[in-house]
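Student: Here is a sequence together with a model predicted from it:
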Amino acid sequence: MAIQLYYDDSHLKEFEATVLSCEEAEKVYRIVLDQTAFFPEGGGQKADTGFIGSVPVIDVQTENGELVHYVKSPLETGRNYPCRIDWDKRFERMQNHSGEHIISGIVHGLYGYDNVGFHMSEDVITIDFNGILEWDQLLDVEQKANEVIWNNVPIQAWFPSEEELASLDFRSKKELDEAVRLVRIGDVDLCACCAPHVSNTGEIGSIKILSVMKHRGGVRIEMIAGKTAYMKLRSDYEQVKAVSQMLSAKHDEITASVSRVSEETEALKQTIYELRMSILQSRIDSYRDVTTGNICEFNTGLADSMCRDFINALVEKTNGIVGVFTGDDTIGYRYILGSKQVNLREVIGDINKALSGKGGGSPTMVQGTMNCKKEQIISYFKK
């Protein structure tokens, strides 16, 4: 296998390497170098990207004991190339991965729970623990994790001898049948891991736990760290600032202001409901003497449920069809039709055909849309 430079220096950004082989494979080329700082996908961390010469590296995988770099253009075998990794992306992943170790180590130390699942995307890290943790417990874990960052604890990574390994108590999510690499973060965590990490916890910057949910007898948490956490904080702050300005409230008064607005909104909803009920009753009363024929109402301002109440009240007063139509001649109309005497399921096909409509329902009530003009609707139901 190629010399893995990222084990000697996780902060190595540029290096030189010789191409040992270049094979074409389904629109890409498989490149093997004599040495590399490109970390292959593994340990829950995605592969590095970057450049070999001027050719972009799009993926790196460990295959049959070799580190294979996938590129889109061929490279000359035996030639030495300058190489560089996408450092910003690598460093952000190291911040998050080292942050995950701190959280997992603290949870294990405090509660004895194991990290049994780990996934790191570009936006968030998910960790599955095999025990229940409440939100206030996780906030305490978060506080302790950030104290580890503030103390700038050194992070050590090494391949112990078999004798040393046998004497150490370390975390591991799976049985290991190859050389074990350990990552130690002070007295907070000792874990088997193949991925590159930051050198000191201060490089992480900060850790934030975002959420927790029950999962397979334990919990799944979401967390972020480093630049990811900073960008999230900045985005959230801008949103809080915008809401603060809309509410004319200080940042620390937003919760109370939102609660007040919510109460006012509920009161307004009740007022609107009562006004609509008054309109509904007024509309119903205006048809007090109706005994025959169809009834058409346009843009009543009533909610759908009230339209149905309106129709149900009026079908008692006529042997025809009661219809409520919402819309205009440009966009068309939504309709609700009701009748106690006419089987609407039997006639809705003819109605839709005559008025360019679509819809259906039960024998007593149907609904849908019509792509026609108001005069056409009135004329049809007058007939």
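Tutor: Everything's here; your move.
Student: Only C-alpha atoms from now on, for both contacts and neighbour counts.
Tutor: Noted.
Student: what mean pLDDT does stretch 344-360 have?
Tutor: For stretch 344-360, mean pLDDT is 97.
Student: what comes up buried for that stretch?
Tutor: For stretch 344-360, burial by neighbour count (16 or more other CA atoms under 10 Å) applies to 344, 348, 351-352, 355, 357-360.
Student: What segments of the stretch 201-350 of the chain are helices?
Tutor: Here the stretch 201-350 of the chain has its helices, by DSSP state H, counting those that start in this stretch, at 226-247, 254-286, 304-314, 344-354.
Student: Out of those helices, which is the most enclosed?
Tutor: Across those, averaging neighbours per residue (mean count of other CA atoms under 10 Å) puts helix 304-314 on top, at a mean of 18.
Student: Which strands or helices does that one pack on?
Tutor: Packing partners of helix 304-314 (3 or more CA pairs under 8 Å, 6 or more residues apart in numbering; DSSP states H and E): helix 254-286, strand 322-328, strand 332-338.
Student: Give the buried residues for the lengthiest strand in the chain.
Tutor: Ordering each strand of the chain by length in residues (DSSP state E) puts strand 14-25 first. Neighbour counts over strand 14-25 (16+ other CA under 10 Å) mark 14, 16-22 as buried.
Student: Go through those residues and name the one nearest residue 218.
Tutor: When the buried residues of strand 14-25 are compared for distance to residue 218 (CA to CA), residue 14 wins out at 42.3 Å.
Student: so the closest one makes contact with residue 81?
Tutor: No - using CA atoms under 8 Å, residue 14 makes no contact with residue 81, being 10.7 Å away.
Student: ok, which stretches of the stretch 101-250 of the chain are strands?
Tutor: Secondary structure of the stretch 101-250 of the chain by DSSP state E, counting those that start in this stretch: the strands cover 115-120, 125-129, 155-158, 182-185, 189-192, 207-215, 218-225.
Student: can you tell which of those is closest to residue 241?
Tutor: Nearest of the strands of the stretch 101-250 of the chain to residue 241, taken as CA to CA: strand 207-215 at 19.9 Å.
Student: quick check: angle from the closest one to helix 226-247?
Tutor: Counting by axes from the mean of the first three to the mean of the last three CA atoms, to 10 degrees, strand 207-215 lies at 90 degrees to helix 226-247.
Student: Would you pull up how far strand 207-215 lies from the middle of the chain?
Tutor: Centroid displacement of strand 207-215 relative to its chain, using CA atoms, centre = their mean, to the nearest Å, is 13 Å.
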